[in-house]
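Asks: model this:
(2 chains)
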Amino acid sequence: MEEIKTRFAPSPTGYIHIGNVRSAIYPYLIARQTGGKFILRIEDTDRARYVDGATELIEDALKWLGLEWDEGPIVGGPNEPYFQSEREDLYIEWAKKLINAGRAYLDETAPEIVDQYRKEDSEKKIPFLYRNHRPDTADLSPEETLARWKKGIPLRFKADPKNYEWTDEVMGEMHTGPEVCDDIILIKKDGLPTYNFAHNVDDAEMNVTHIARGVEYLSSMPNYLALYEALGLNRPKFLSLPHILAPQGNKKLGKRDGAKSVTEYRDDGVLPEAMLNYLACLGWNDGTEKEIYTKDELIKAFSIDRIQNSGARFDEVKIYWYNGQWIRKIADEQGMEALYPRTNGFWPEVAKNEPEDYKLRVLSIIYDRLKTLSDLKTMTDYFFVDPEVKPEMILENKFLKKLSETELIELLTMTIERLNDVKDWSEDGLQNELNELLAKSGKKPAEYFSLIRLAVSFAPFSPALHQTLSVLGSEKVLARLNATRTALSNN
RNA sequence: GGUCUCGUAGUAUAACGGUUAGUACAACGGGUUUUCAUCCCGUCAACGCGGGUUCGACUCCCGCCGAGAUCACCA
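Replies: Numbering: from 1, shown residues only, chains lettered A, B, ... in the order given. Next comes the predicted model:
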């Protein structure tokens, strides 16, 4: 039984955004599911578009998502190197096979001339095919071609115009006619291969069994199949993955649409589990109503034939929903201690020197309000520093505005006096105290609790009152209640 | 223009000839002793159009319409 091998083969032209990372996720899942290998290959044959450091960005994103590769940069493998720019000799070798087979020719036609051909055909309203404009060098014998070929002379494939049929694992049975077969460039003027040639050579060399990539390559398939035949290669399985669509319009999501990099979501406090879960389920489902998948569950449940064949729109609102689910899932299943390390770097500046166990307690009462970890930055200040006292926030509160200032002050006084004597500041203990205070106040819960909540936090929202007070502790609570009472008195 | 692909609510999807067309996000309303959120309950909302085939079509066939991809010495 042949070992399953899949690959992700990005070009180092910048960061990986959520529009293209899915073509890493599905191959990864296929490899893991079958006990096969997942290869990372860097397709850097376009020197003009090469961006320094982009490879690291790609590696970083894959690692964060948990898509570890078995062969590729850093880890090596049996087909090193995994950078196409370092495999130049190999492509030349394979190109010579094509020359010897009479299926490749030298072409020094200037790009301007090619443009001219294109224009002429367009005016004649016939489809532009380069094979209708083959130069004289196309008739040279393999020996002559080989003898004249040197770096700097582009090499073209000699197409075999006919019907092609193949199976796309996602799109189904495909067939095209001879009109789409053309002479594609194999080796460029700079001596490096084009994508069209290099990736086929590499996939063959690396024994890739499943080629997954965006649907934009679907229309190039006949030319690739011609190449397979000319080289005597077996066809792997092909998966054309539909595009992830931009928020507006129906076009493929790209950087121009503001597609964020995968790691930008990491920096915003999205968990990799949530991102992987969401992206995997954007355009795939297992037929059940299950929504939340761990990586292992995805590996187990994934199947190629349930990949959606229409484009799916990326929904930032839903990724945040997934993230909230995952924050709670980790806390509830693995404990707050497991979630806590993930919050590193997401606390407000004022929490910098606070003890870990205190922050852990804050997290434990506020985690179910988080959509992203970075919400901690804006939601927890008052746990670490005394809030600015703003009497108007109390006076204008929808539940409190009907109470007089005198009443408010009396309620605060009553609370301060009672809490002064309380020794048990546990959540349960405070729950009881607050219930008794509420009864004694004669106010509605919304009135009394809102007052105390605002008096100690001056925040638009906060966790349950007894939890908030318990975590803050008697000293802070009493000081803040006093400060608020003083401010109201002076108002 | 040639070739190819796609088409269920605002979004993501289920259904694989017979269901009141299911689910999730969003929106809206309600419930849980305050707020925000979680959680729970509910409401709104979809088969692109037109022909066939069939006792019966979201499902099969044809046409149309709409959307997208591709036609580079970019990948």
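Asks: Strands along the stretch 351-491 of chain A, start to end?
Replies: Remark: no strands are assigned in the stretch 351-491 of chain A by DSSP state E, counting those that start in this stretch.
Asks: and it, which residues reach RNA strand B?
Replies: A:368-369, A:399, A:435, A:438, A:445-446, A:449-450, A:453, A:460-466 (Cβ under 7 Å from any atom of the strand). The C-beta positions use only the backbone N, C-alpha and C, and glycine is treated the same way.
Asks: need the strands for the stretch 51-200 of chain A, in chain order.
Replies: Using DSSP E, counting those that start in this stretch, strands in the stretch 51-200 of chain A cover A:104-106, A:155-157, A:164-168, A:172-176, A:185-187.
Asks: what about burial for the residues of the stretch 351-491 of chain A next to RNA strand B, which qualify?
Replies: A:399, A:438, A:449-450, A:453, A:462-463, A:465-466 (16 or more other Cβ atoms under 10 Å).
Asks: Among these, which one sits closest to A:Gln334?
Replies: Among those, A:Pro463 lies closest to A:Gln334 (Cβ to Cβ), at 20.8 Å.
Asks: What pLDDT is listed against that closest one?
Replies: A:Pro463 is assigned 96 on the pLDDT scale.
Asks: quick one on the thing from earlier: just put the strands of the stretch 51-200 of chain A in TSV and tack on distance to RNA strand B.
Replies: Converted to TSV, the strands of the stretch 51-200 of chain A look like this (distance: least, Cβ to the nearest atom of the strand, whole Å):
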stretch	distance to RNA strand B
strand A:104-106	10
strand A:155-157	9
strand A:164-168	8
strand A:172-176	5
strand A:185-187	4
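Asks: export these to TSV and tack on mean neighbour count, mean pLDDT and distance to A:Gly269?
Replies: Shown next, in TSV, are the strands of the stretch 51-200 of chain A (neighbours: other Cβ atoms under 10 Å; pLDDT from 0 to 100; distance: least, Cβ to Cβ, whole Å):
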stretch	mean neighbour count	mean pLDDT	distance to A:Gly269
strand A:104-106	24	97	52
strand A:155-157	25	97	49
strand A:164-168	15	93	38
strand A:172-176	12	91	40
strand A:185-187	24	97	45
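Asks: can you list the residues of the stretch 151-300 of chain A near RNA strand B?
Replies: Residues of the stretch 151-300 of chain A lying near RNA strand B (Cβ under 7 Å from any atom of the strand): A:154, A:171-172, A:174-177, A:179-180, A:182, A:185, A:188-190, A:192, A:194-196, A:199, A:215-220, A:242-243, A:245, A:249-252, A:281-283, A:285, A:287, A:289, A:291.
Asks: give me the number of residues near A:Cys335?
Replies: Check again: residue A:335 is Gly, not Cys. 11 (other Cβ atoms under 10 Å).
Asks: Likewise for the one 5 residues further on?
Replies: Burial measure for A:Tyr340: 18 neighbouring residues, criterion other Cβ under 10 Å.
Asks: Please enumerate the helices of the stretch 251-400 of chain A.
Replies: A:262-267, A:272-281, A:295-301, A:316-334, A:336-339, A:356-366, A:375-379, A:381-384, A:391-395 (DSSP state H, counting those that start in this stretch).
Asks: I figured A:Pro81 hits A:Arg87, correct?
Replies: Yes - A:Pro81 lies in contact with A:Arg87 (Cβ atoms under 8 Å); the separation is 6.2 Å.
Asks: Tell me which of these two has more neighbours.
Replies: A direct count of neighbours by other Cβ under 10 Å for A:Pro81 and A:Arg87 places A:Arg87 higher, at 22 against 15.
Asks: any low-confidence regions in the stretch 1-150 of chain A?
Replies: Flagging of the stretch 1-150 of chain A using pLDDT under 70 yields the residue ranges A:1.
Asks: who in it is up against RNA strand B?
Replies: A:9, A:11, A:43, A:45-46, A:49, A:107-111, A:114, A:118, A:125, A:127-128, A:130.
Asks: Restricted to buried residues, select the residues you listed in PyMOL.
Replies: Filtering those down to the buried ones (16+ other Cβ under 10 Å) takes a single PyMOL command:
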select buried, chain A and resi 9+11+43+45+46+107+109+130
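Asks: Just the residues of the stretch 1-150 of chain A next to RNA strand B: which are in helices?
Replies: A:111, A:114, A:118 (DSSP state H).
Asks: residues contacting A:Asn20?
Replies: Residues counted as contacts of A:Asn20 (Cβ atoms under 8 Å, 6 or more residues apart in numbering) are A:10, A:214, A:244.
Asks: Kindly apply the preceding question to A:Gly72 instead.
Replies: Going by Cβ under 8 Å, 6+ apart, A:Gly72 touches A:39-42, A:82.
Asks: Same check on A:Leu279?
Replies: Contacts of A:Leu279 by Cβ under 8 Å, 6+ apart are A:18, A:21-22, A:25.
Asks: which among the residues you listed gets closest to RNA strand B?
Replies: A:Arg22 (10.2 Å; Cβ to the nearest atom of the strand).
Asks: Can you pull the phi/psi pair for the closest one?
Replies: Dihedral pair for A:Arg22: phi -60, psi -30, per degrees, to the nearest 10.
Asks: excluding its backbone neighbours, what's nearest it?
Replies: A:Leu279 (5.3 Å; Cβ to Cβ, 6 or more residues apart in numbering).
Asks: So A:Lys5 sits against A:Thr34, correct?
Replies: No - the pair A:Lys5 / A:Thr34 is not scored as a contact, 9.6 Å apart, by Cβ under 8 Å.
Asks: the more surrounded of those two?
Replies: Counting neighbours by other Cβ under 10 Å for A:Lys5 and for A:Thr34 shows that A:Lys5 has the greater number, 22 against 16.
Asks: Quick one: end-to-end distance for stretch A:303-313.
Replies: Using Cα to Cα, to the nearest Å, the end-to-end distance of stretch A:303-313 comes to 21 Å.
Asks: I meant stretch A:165-184, not that one.
Replies: End residues of stretch A:165-184 are separated by 19 Å (Cα to Cα).
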